[in-house]
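Student: model this:
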Amino acid sequence: MAGPGRAEIEVEALDAMLKGGQPVAILDVREPWEVDLCSIDGSITIPLGQLPRHAAGLPTDRPLVGVCHHGFRSAQAVSWLRFQGFDRAVNLAGGIDAWARRIDPTMKVY
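Tutor: Numbers count the residues shown, from 1 in each chain. Now for the predicted structure:
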């Protein structure tokens, strides 16, 4: 994670966690049409506006990485989740766009 107290993770660190088999949950808060364009395999998809209704079902036993297009909506989601007690929630810096550009060049960019 970047910096003390910052609830953020870089795409390279998430990639290393996934490749290393570390338990991690990815929460994609984009709209369904965005998820249809591209997504990280295994993501839990809950649009930001529906998060309060579905947060209770999210895992608390491992890091929870919030993802959106560029990281702004997911930063809001992570802030709210941390306020709700999800201490392991972190935001993916740069969002799915950074993931596509730096980790998975086969992923659609929009």
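
Student: Which other helices and strands does the helix ranked longest in the chain contact?
Tutor: Identified as the longest helix of the chain according to DSSP state H is helix 72-83. On a contact count with 3 or more C-beta pairs under 8 Å, 6 or more residues apart in numbering; DSSP states H and E, helix 72-83 meets helix 51-54, strand 64-67, strand 89-92. All C-beta atoms are positioned from the backbone trio N, CA, C, and that covers glycine.

Student: So for A7, which of the ones you listed sits nearest?
Tutor: A7 lies closest to strand 89-92 among the helices and strands packed on helix 72-83, at 4.9 Å (C-beta to C-beta).

Student: and that closest one, what does it pack onto?
Tutor: Applying 3+ C-beta pairs under 8 Å, 6+ apart, one finds that strand 89-92 contacts strand 8-9, strand 64-67, helix 72-83.

Student: and it, which strands flank it?
Tutor: strand 8-9 (parallel), strand 64-67 (parallel) (DSSP bridges).

Student: any idea which of those is most buried?
Tutor: Among these, ranked by average contacts under mean count of other C-beta atoms under 10 Å, first place goes to strand 64-67 (a mean of 27).

Student: Distance from the chain centre to it, please.
Tutor: Centroid separation between strand 64-67 and its chain, computed with C-alpha atoms, centre = their mean, to the nearest Å, is 2 Å.

Student: Looking at the helices and strands packed on strand 89-92, which is nearest to A16?
Tutor: strand 8-9 (10.1 Å).

Student: so what does the helix or strand just after the closest one touch, helix or strand wise?
Tutor: Later in the chain than strand 8-9, the nearest helix or strand by DSSP states H and E is helix 11-19. Of the remaining helices and strands, those touching helix 11-19 by 3+ C-beta pairs under 8 Å, 6+ apart are helix 95-102.

Student: re the thing from before, and the helices and strands packed on strand 89-92: which comes nearest L37?
Tutor: It's strand 64-67; of those, that one is closest to L37 (C-beta to C-beta) at 13.1 Å.
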